[in-house]
Each structure stands twice: as C-alpha cells, then as structure tokens.
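Student: give the three-dimensional model of this entry:
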Amino acid sequence: MRRGIRLDPVAAAILLALTAPVVAQQGPDADPRAWPQFLGTDSNLTVVAPSFARGTGVPTAEVRWRRPIGPGYSQPVIDGQRAYVAFSDGSRVRLQMISLESGEPLWDYDIGETWRGVDGSDDGPIATPTLGDGFIVGLGPRGQLFSLDSATGEERWRVDLPAEHGAEIGVYGVGTSPLLVDDRVIVQYAGGTGKSIGAFAADDGRLLWSSGDDTVSMQSPLLVKLVAFARYCPSRARRWPGSTRSTAPSSGARSIWSARTPTAIPSP
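Tutor: Numbering: from 1, shown residues only. Next up is the predicted model:
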C-alpha cells in the first residue's frame, strides 16, 4: 500500500467526487488577453486568444517593439493593455508598468536592494506579482511584500516579512509568488512555528491568519476547488523529498490532507 497521504473522512468523500481544478481570479468582463498572475489566469500556462492564430498555418507573431530590461526570474503579468515587469537594474530590484502599445514605461517602483545570484543563477527577483482589481501585489527577493495602485504605481501598503513576521529567506532569496484569493493575499513566508504560510489583507497588508511549521520553500500556493471546498496547496519543504498539503484560504485553520511529493521545487 502506498504511504505518504493522510485523509480525514471529509477529504476522502471529496476525493471520491468529481473535482474541478484551478479557479480564475478574474471577473466576467476580464480581458481575454490578460495574464494576471503566476502561470496565467487559470494557473495552467494557457491563454485564450482567438485572434492570435489566423488561417490553418503555424501561428506567427509580429514584433512591435523591443525594450531591454535587467535580469530576473519573475514572469510579466498583463492586464490586456499594460505589462508589469520585475527585474534587477544592477543594484536595485524594480517593478515597472510598460505600455503594450509603445513599450515605454509608465511608472517605476523601487522594491529594494537586488538579490545576487548564486551557483550560476542570475541576479534579481524570482516571485511573480499578482494583479487584483485596481491594484497589484508583489514580493521582493528580500521579503518585501507590497501592494501598489496598478494605474499609478502609488504604494498602498508595504510589509517587511523578515523584520515584522520573522520570515526566513533562502539562499536564492524569496521565490514564492503571492496568491490573491478574494480579499486575501496568501504567501509562504516561513516565519517559524505556526507561521509557514499566511493570509494578509489585500486592502492594508495586515496579517489575518498564519498556519504550519514548515521551513522556507521555492514553491507558490495554488488555488484548487474540490467540489464545494477551496484549498491552496503550498509545498512543505521541511521534509525531503517534500510534501503538499491543503488548507482553507478563509481561515488557514484546517489541513484536510497532505501528500509526499518527489521534489520541493515545482508548484502543484
């Protein structure tokens, strides 16, 4: 019998039913060209763009402009008209909003001191920002969790996770991308006992709940629907090769299942 999965009766009943994976965070009027978060609208690396491919041949794309930026592993996010890109300029990590029409930056935000790459990796940020309704949430490589007005770049709030919540920073810097669930920003921050992962209020950055005892991880939380239950599935990096667990995003109070995984690096 395969070991490594623990289920309570409620979880077992759920897993016997049909399941639907990722829930999009965009409203019904969202631009179909948008890419608002890590791995895309539905967190499945898929974009729905009927106008992209024309005819029966291989789809082609015309280069309209090019703009050099610094290094980093953060993915751009797009609201359909503008792109938001995090990178290192050599000494600082920056987040810029760039016009998709012209390629020109429309605002620039200084996240903080850059993170130097190790073992041959590039400098710069790893976490991908997340777009909400009129705002963007980001996480710098030194644990700077922040929210900006997406149109103006004006700072709404900022939280220093290591200084204020004891967050642990790994050798490559903070690499988990924030997950926006309703009015909560879910972040893995490894702050010690009972503080592996937490939910911060999207409007002011205050900590709403924290859960788990696991250490720092390079994974990002993912929202999944199991029938009538919504759970995010962060990695548990304390064990090797690793494991994944699910917790209610509204309170973080209950973990309904956990499972060992081959590696603690990829996201579920």
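
Student: the helices in the stretch 1-150 of the chain, which residues?
Tutor: 9-16 (DSSP state H, counting those that start in this stretch).

Student: show me where it dips below the pLDDT cut-off.
Tutor: Applying pLDDT under 70 to the stretch 1-150 of the chain flags residues 1-30, 32, 48-57, 59.

Student: now the helices for the stretch 151-268 of the chain?
Tutor: Here the stretch 151-268 of the chain has its helices, by DSSP H, counting those that start in this stretch, at 161-165.

Student: quick one: the strands in it?
Tutor: 155-160, 179-181, 184-188, 197-201, 207-211, 223-226, 229-232, 235-236, 243-247, 255-260 (DSSP state E, counting those that start in this stretch).

Student: got the angle between the third one and strand 155-160?
Tutor: Read that as strand 184-188. Interaxial angle, strand 184-188 versus strand 155-160 (axes from the mean of the first three to the mean of the last three CA atoms, to 10 degrees): 30 degrees.

Student: can you list the strands that strand 184-188 pairs with?
Tutor: Strand 184-188 pairs in its sheet with strand 179-181 (antiparallel), strand 197-201 (antiparallel), by DSSP bridges.

Student: now do the first one
Tutor: With DSSP bridges as the test, strand 155-160 is paired with strand 144-149 (antiparallel).

Student: what's the partner strand in contact with?
Tutor: Around strand 144-149, the neighbours that count as contacts under CB atoms under 8 Å, 6 or more residues apart in numbering are 95, 109, 111-112, 134-140, 154-161, 178, 185, 187, 189, 200, 202, 205. Quick note: C-beta positions are derived from backbone N, CA and C, even for glycine.

Student: weed out the non-buried ones from those residues.
Tutor: The neighbour count (16 or more other CB atoms under 10 Å) marks 95, 109, 111-112, 135-140, 156-157, 159, 161, 178, 185, 187, 189, 200, 202, 205 as buried among the contacts of strand 144-149.

Student: just the CA atoms of stretch 71-78, as PDB, please.
Tutor: What follows is stretch 71-78, C-alpha atoms only, in PDB (Å, rounded to 0.1, in the frame of the first residue of the first chain):
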ATOM      1  CA  PRO A  71      17.800  40.000 -15.100                       C
ATOM      2  CA  GLY A  72      15.300  38.200 -13.000                       C
ATOM      3  CA  TYR A  73      13.100  35.100 -13.000                       C
ATOM      4  CA  SER A  74       9.800  36.900 -12.300                       C
ATOM      5  CA  GLN A  75       7.100  36.500 -15.000                       C
ATOM      6  CA  PRO A  76       5.500  39.500 -16.500                       C
ATOM      7  CA  VAL A  77       1.800  40.000 -15.700                       C
ATOM      8  CA  ILE A  78      -0.600  41.700 -18.100                       C
END
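
Student: and that stretch, what's buried?
Tutor: Counting neighbours by 16+ other CB under 10 Å, stretch 71-78 gives 72-75, 77-78 as buried.

Student: tell me the one of the residues you listed nearest residue 124?
Tutor: Checking the buried residues of stretch 71-78 against residue 124 by CB to CB gives residue 72 as the nearest, at 3.1 Å.

Student: which residue packs closest to the closest one, ignoring adjacent ones?
Tutor: In space, and not counting its chain neighbours, residue 72 is closest to residue 124: 3.1 Å by CB to CB, 6 or more residues apart in numbering.

Student: which ones are touching the one you found?
Tutor: Contacts of residue 124 (CB under 8 Å, 6+ apart): 70-74, 86-88, 93, 114-115, 117, 141.

Student: what does residue 174 give?
Tutor: 126-127, 139-143, 161, 167, 189.

Student: how about those in a markdown table, adding distance to residue 43?
Tutor: Converted to a markdown table, those look like this (distance: CB to CB, whole Å):
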| residue | distance to residue 43 |
| --- | --- |
| 126 | 17 |
| 127 | 15 |
| 139 | 17 |
| 140 | 22 |
| 141 | 22 |
| 142 | 25 |
| 143 | 23 |
| 161 | 23 |
| 167 | 23 |
| 189 | 20 |
